[in-house]
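**Student:** pasting the sequence and the predicted coordinates here, then a few questions.
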Amino acid sequence: MTGPRKMPTPKAVVEHWEPWLIYVGKFDEPGELLSELDGSTGVCFACGWRRSLERAHIVARLHGGSDNVDNIHLLCGHCHHESEFKEGNDYWYWFLRQNCYTSVIKMATTHRPQLIAELATYRPDVLAAWLNPRSYSSQAAEQR
């Protein structure tokens, strides 16, 4: 019989991955991810939204992946679900191309009411552009 799994803390995962995430352009400032971490809530490594986070294996345990900090990313539930069956280069290709805008488009079809509430709270400018793209395009043209 095996004992309980020893998963790294979210803080340990952030401290391990933050330099690389900044290097590849996912985030801007050292300490940005750590300052947003509050228990199980923080910034998703993939999409960048502040949400409840899950520790997600990069290489699944079923395929020989470990519970070590270098095999764990902190992802929101949506990104964790979307990444579940991605392996190797497919995972990294997906991961590096995720951002809050790709996440908005994908979630809009399945979680529209929840999405609209989150956008209204955190990114009213994105919500305005999404709900009325012509108005937003007109404003952008006027500013030029």
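**Tutor:** That came through fine.

**Student:** so what does the top strand by length along the chain touch, helix or strand wise?
**Tutor:** In the chain, with assignment by DSSP state E, the single longest strand is strand 50-57. Here strand 50-57 touches helix 10-23, strand 41-43, strand 72-76, helix 77-83, going by 3 or more C-beta pairs under 8 Å, 6 or more residues apart in numbering; DSSP states H and E. Using the backbone N, CA and C atoms, a C-beta is placed for each residue, glycine as well.

**Student:** one more time with 6 Å
**Tutor:** Applying 3 or more C-beta pairs under 6 Å, 6 or more residues apart in numbering; DSSP states H and E, we find strand 50-57 packed against strand 41-43, strand 72-76.

**Student:** what's the closest of these to residue 6?
**Tutor:** Across these, residue 6 has its closest neighbour in strand 72-76 (11.6 Å, C-beta to C-beta).

**Student:** can you list the strands that the closest one pairs with?
**Tutor:** strand 50-57 (antiparallel) (DSSP bridges).

**Student:** need the contact partners of the strand it pairs with.
**Tutor:** 7, 40-44, 65, 71-76, 80 (C-beta atoms under 6 Å, 6 or more residues apart in numbering).

**Student:** dump the residues you listed into TSV; add pLDDT as well.
**Tutor:** Below are those laid out as TSV (pLDDT from 0 to 100):
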residue	pLDDT
7	90
40	77
41	87
42	89
43	90
44	92
65	92
71	96
72	96
73	96
74	95
75	95
76	91
80	94
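
**Student:** check those and tell me the two furthest apart.
**Tutor:** Pairwise over the contacts of strand 50-57, using C-beta to C-beta, the maximum falls at 41 and 65, 24.8 Å.

**Student:** done for today, thanks.
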